[in-house]
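> 3D, please:
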Amino acid sequence: QVQLVESGGGLVQAGGSLRLSCAASGRTFSMGWFRQPPGKEREFVAAISRSRLSTEYSTFVKGRFTISRDNAKNTVYLQMNSLQPEDTALYYCAADSRGITTVGSGPRDYDSWGQGTQVTVSS
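Residues are numbered from 1 along each chain as shown. Presented below is the predicted three-dimensional model:
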């Protein structure tokens, strides 16, 4: 496992943008973002392979969010544009330190999780 530290959450008005960052303490393979809206279960948002050649997005963020990574910094980013109130959630970073998948979209693909960063979008 690796340690993950997220940053970049906050309060933004609808239509605004935020960029989340997640720094890992060591080498990782697939890295992803999940979120948990109030009163709901955790859901997949986006993921990226170590090579950066493969990405996956959930249907509700495709076209608005962009995932990227800097392997030299062991950091993954989530650029979120056109934010809507329904994007309000606790956002979690996840990392696979075992190399079990190229790009994972399920919680079981990951063995390391951050503490979460809150994103609140006001209408």
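> Okay, buried residues for stretch 89-100 please.
With burial defined by 16 or more other CB atoms under 10 Å, the residues of stretch 89-100 counted as buried are Ala89, Leu90, Tyr91, Tyr92, Cys93, Ala94, Ala95, Asp96, Ser97. Bear in mind the C-beta positions are built from the backbone N, C-alpha and C, glycine included.
> The third one and Pro37, how far apart?
Per CB to CB, to the nearest Å, Tyr91 is found 10 Å from Pro37.
> Might you report the residue contacts of Trp113?
Leu4, Tyr92, Cys93, Ala94, Ala95 (CB atoms under 8 Å, 6 or more residues apart in numbering).
> Please name the spatially closest residue to the first one (chain neighbours excluded).
Residue nearest to Leu4 in three dimensions, not counting chain neighbours: Gly114, with 3.8 Å by CB to CB, 6 or more residues apart in numbering.
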